[in-house]
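**Q** Build me a structure from this.
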Amino acid sequence: GLPDMGIQVKRRPEGAWLLVGGPVDQLYGLIETSELAWSRAMQRLHGDSPSEPDLSLLKVELKEEENPRLIALQKAAFQKNVTFLWDDDDVSLGMGTGSQTWPARDLPDPSDIDWSSFHDIPVAVVTGTNGKTTTIRLLCAMAQAWGKTYGNTSTDRVRVNEDVLDTGDYSGPGGARTALRDQRVEIALLETARGGLLRRGAGIQNARVAAVLNVAEDHMGQYGINSLADLVEAKLIVQKLVSDHGLLVLNADDPSLVEASKTFPDQRICWFSLLSETPNESVVIRNGMITAVFDGQTTAIARVADIPITLGGKATYNVSNALAATALAIGLGMPEEAIRTGLTSFESSFENNPGRSNYFDVRNIRVLLDYAHNPHGLKAILDTTARLGAKKRIMVLSTAGDRTETEIRDLARVAAASGVDEVLVSDCVGYEREMGKGGVPQLLADEFAQHGMTTDQFSSELIAVREAFNRAQAGDLLMLLVKGERMECLAEIQHQQTLD
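**A** This next block holds a predicted model:
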């Protein structure tokens, strides 16, 4: 009794993906149906003769999931070009100040709705391997300077202005829906990560502006991503969200994005670059100024030296993030003064940007608390800290155990090549995953040993951080690259600041 919505086959180097469509009110039952069909197909391929299955429970599940009013509302919203957001519990029309939400099992008849009451709001979507959260938070500072109520999602929380609605990783569609359903929200600034895009889609239908900041190998082997080309294609899902007159922001310093852009020649693109001038619309550095070139006009926005997160231009990865944020803000229609104020007022403190380029002074020891969780991000941190002139650089290094062995070893290779003086490796408590306890630090220590470096292993990031403070002397720089125990490590830093 299910509608035939077709099967698509996407051929892949490792085989094929089978894509099965279905109505949104019966997705769980459809998943059960697909798994049953798959298991029976595998039995036949292995020469077995599967017995006829008992479909009674499956039919009951599909029947219980049926929600005709949901389908009717979805169809009407599509016909009237109104944003439709759906999940297990709630259904909404419109966005932010122009939205309304109902329980999924208590929906109105489309004929009873005042469709003129719904409208969309400006939405920015940001993805990339590194820099997403910082770029989004720069945008939040700009929106605040503009006087707009913003909805913001990130890997740390979902919030409306300073009102935190929930904490945790909300870089997927669930966080986007939460922000877009809040009737206070005038502008939405959404971080969108690879995992959410691949597992559950973008969660929204359109955006005024979207950005891909960079693409580097990370999370290889997960959800069918086995190459850099796969990852580029996944990140560029956000290009499909950009409305007809919207703007796609891309990094001109990333060759993979430059090449990929050739596949959508009609898309309006703004390029940003640290290295050189770019054609058409762009945001670049000229004479130490972030400079925007739009509609044939050139506008100097702000001096790089006046943007706190760039450390006077030494933190080039944050210069790049500032360029991207400027391009996104222009795409959202923000005024020049609000962009400038956001750039020059935002500081990467733990309160504003937890665990991302947070610097502290502890008894003449400079301390960096950061998240750098892949080789691309780690190299950026190491290049920056090499310019800061420390007597000795001591690193605490950890990562989650869901990375491949190659990805974990690459972290050690990058660190060993950087000239860092000492390294303490540890487990990432709560994120040991496939590697198990002790697996990640052992791999890291083994790779460092192959590069002639001796490391000590610790069972947690916090224990490693305490030992790093024991070893540090005035004039040294501590790089505390932690994920699982950020709050605990922050408390340790604050405790160290109280000591004589």
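
**Q** how about the helices in the stretch 251-400 of the chain?
**A** 255-260, 316-332, 336-345, 375-386 (DSSP state H, counting those that start in this stretch).

**Q** Quick one: closest of those to Val482.
**A** Closest approach to Val482 among the helices of the stretch 251-400 of the chain (C-beta to C-beta): helix 375-386, 12.5 Å. No exception for glycine: its C-beta is placed from N, CA and C like everyone else's.

**Q** Any buried residues in the closest one, and which?
**A** Of the residues in helix 375-386, Pro375, His376, Gly377, Leu378, Lys379, Ala380, Ile381, Leu382, Thr384, Thr385 count as buried by neighbour count, 16 or more other C-beta atoms under 10 Å.

**Q** and which of the residues you listed is nearest Arg105?
**A** For these, the nearest to Arg105 is Gly377 (43.6 Å; C-beta to C-beta).

**Q** Tell me the secondary structure at the residue nearest to the closest one when sequence neighbours are not counted.
**A** Excluding the flanking residues, the one nearest Gly377 by C-beta to C-beta, 6 or more residues apart in numbering is Asn130, at 4.3 Å. Under DSSP: H, G, I helix; E, B strand; the rest coil, the three-state class of Asn130 is coil.

**Q** re earlier: mind putting the buried residues of helix 375-386 into JSON lines with distance to Leu343?
**A** Converted to JSON lines, these look like this (distance: C-beta to C-beta, whole Å):
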{"residue": "Pro375", "distance to Leu343": "28"}
{"residue": "His376", "distance to Leu343": "24"}
{"residue": "Gly377", "distance to Leu343": "21"}
{"residue": "Leu378", "distance to Leu343": "25"}
{"residue": "Lys379", "distance to Leu343": "24"}
{"residue": "Ala380", "distance to Leu343": "19"}
{"residue": "Ile381", "distance to Leu343": "21"}
{"residue": "Leu382", "distance to Leu343": "25"}
{"residue": "Thr384", "distance to Leu343": "18"}
{"residue": "Thr385", "distance to Leu343": "23"}
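
**Q** a markdown table for those residues, including distance to Glu485 and pLDDT?
**A** Conversion of the buried residues of helix 375-386 to a markdown table gives the following (distance: C-beta to C-beta, whole Å; pLDDT from 0 to 100):
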| residue | distance to Glu485 | pLDDT |
| --- | --- | --- |
| Pro375 | 22 | 87 |
| His376 | 23 | 86 |
| Gly377 | 18 | 87 |
| Leu378 | 18 | 92 |
| Lys379 | 23 | 91 |
| Ala380 | 22 | 90 |
| Ile381 | 18 | 91 |
| Leu382 | 22 | 93 |
| Thr384 | 23 | 92 |
| Thr385 | 21 | 93 |
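
**Q** Name the nearest of those residues relative to Val420.
**A** Leu382 (6.8 Å).

**Q** which residues sit in contact with the closest residue to the closest one other than its chain neighbours?
**A** Nearest residue to Leu382 in three dimensions, chain neighbours excluded: Ser418, at 4.0 Å (C-beta to C-beta, 6+ apart). For Ser418, the contact set (C-beta atoms under 8 Å, 6 or more residues apart in numbering) comprises Lys379, Leu382, Asp383, Ala386.

**Q** Now do stretch 99-109: distance from first to last residue.
**A** 17 Å (C-alpha to C-alpha, to the nearest Å).

**Q** what comes up buried for that stretch?
**A** Quick answer for stretch 99-109 (16+ other C-beta under 10 Å): Ser99, Thr101, Ala104, Leu107.

**Q** Same question for stretch 430-439.
**A** Neighbour-count burial for stretch 430-439, counted by 16+ other C-beta under 10 Å, picks out Tyr431, Glu432, Met435, Gly439.

**Q** From the contact counts, what lies against the helix or strand of the chain with the lowest mean pLDDT?
**A** For the chain, the helix or strand with the lowest mean confidence is helix 194-200, at a mean of 81 (criterion: mean pLDDT, DSSP states H and E). The contact analysis (3 or more C-beta pairs under 8 Å, 6 or more residues apart in numbering; DSSP states H and E) places helix 194-200 against helix 173-180, helix 228-235.

**Q** cutoff 10 Å now
**A** Using 3 or more C-beta pairs under 10 Å, 6 or more residues apart in numbering; DSSP states H and E, the elements in contact with helix 194-200 are strand 123-127, helix 173-180, helix 228-235.

**Q** Tell me which of those is the most buried.
**A** strand 123-127 (a mean of 29; mean count of other C-beta atoms under 10 Å).

**Q** Leu480 contacts Phe360, correct?
**A** Yes: using C-beta atoms under 10 Å, Leu480 is in contact with Phe360, at 9.5 Å.

**Q** More neighbours: which of those two?
**A** Set side by side, Leu480 and Phe360 show more neighbours around Leu480, with 29 against 18, by other C-beta atoms under 10 Å.

**Q** Next up, the contacts around that one.
**A** Taking C-beta atoms under 10 Å, 6 or more residues apart in numbering, we find Leu480 in contact with 355, 358, 360, 367-370, 394-398, 424, 461-462, 464-465, 468-469, 486, 489-490, 492-493.

**Q** if we go to 6 Å?
**A** Leu369, Val396, Val465, Cys489 (C-beta atoms under 6 Å, 6 or more residues apart in numbering).

**Q** Give me the distance from the host helix or strand of it to the chain's centre.
**A** Element membership of Leu480 [criterion: DSSP states H and E] is strand 477-481. Distance, stretch centre to chain centre, for strand 477-481: 23 Å (C-alpha atoms, centre = their mean, to the nearest Å).

**Q** hey, where'd the strands end up in the stretch 401-500 of the chain?
**A** 422-426, 456-458, 477-481 (DSSP state E, counting those that start in this stretch).

**Q** The last one: partners in the sheet, and parallel or antiparallel?
**A** This means strand 477-481. Sheet partners assigned to strand 477-481 using DSSP bridges are listed as strand 365-370 (parallel), strand 393-397 (parallel).

**Q** Would you reformat those as TSV and include mean pLDDT, distance to Ser154 and mean neighbour count?
**A** Shown next, in TSV, are the strands paired with strand 477-481 (pLDDT from 0 to 100; distance: least, C-beta to C-beta, whole Å; neighbours: other C-beta atoms under 10 Å):
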stretch	mean pLDDT	distance to Ser154	mean neighbour count
strand 365-370	94	16	22
strand 393-397	96	23	25
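
**Q** now these as TSV including distance to Asp410?
**A** TSV is the format used below for the strands paired with strand 477-481 (distance: least, C-beta to C-beta, whole Å):
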stretch	distance to Asp410
strand 365-370	17
strand 393-397	12
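
**Q** Just the closest of the buried residues of helix 375-386 to Lys262, please.
**A** Among these, His376 lies closest to Lys262 (C-beta to C-beta), at 23.0 Å.

**Q** and that closest one, how far is that from Ser320?
**A** 12 Å (C-beta to C-beta, to the nearest Å).

**Q** what stretches of the chain score poorly on pLDDT?
**A** The chain contains residues with pLDDT under 70 at 219-221.

**Q** nearest residue to the residue nearest the centre of the chain other than its sequence neighbours?
**A** Residue closest to the mean C-alpha point of the chain, counted by C-alpha atoms, centre = their mean, is Ala193 at 3.4 Å. In space, and not counting its chain neighbours, Ala193 is closest to Ser171: 3.9 Å by C-beta to C-beta, 6+ apart.

**Q** That concludes my questions; thank you for your assistance.
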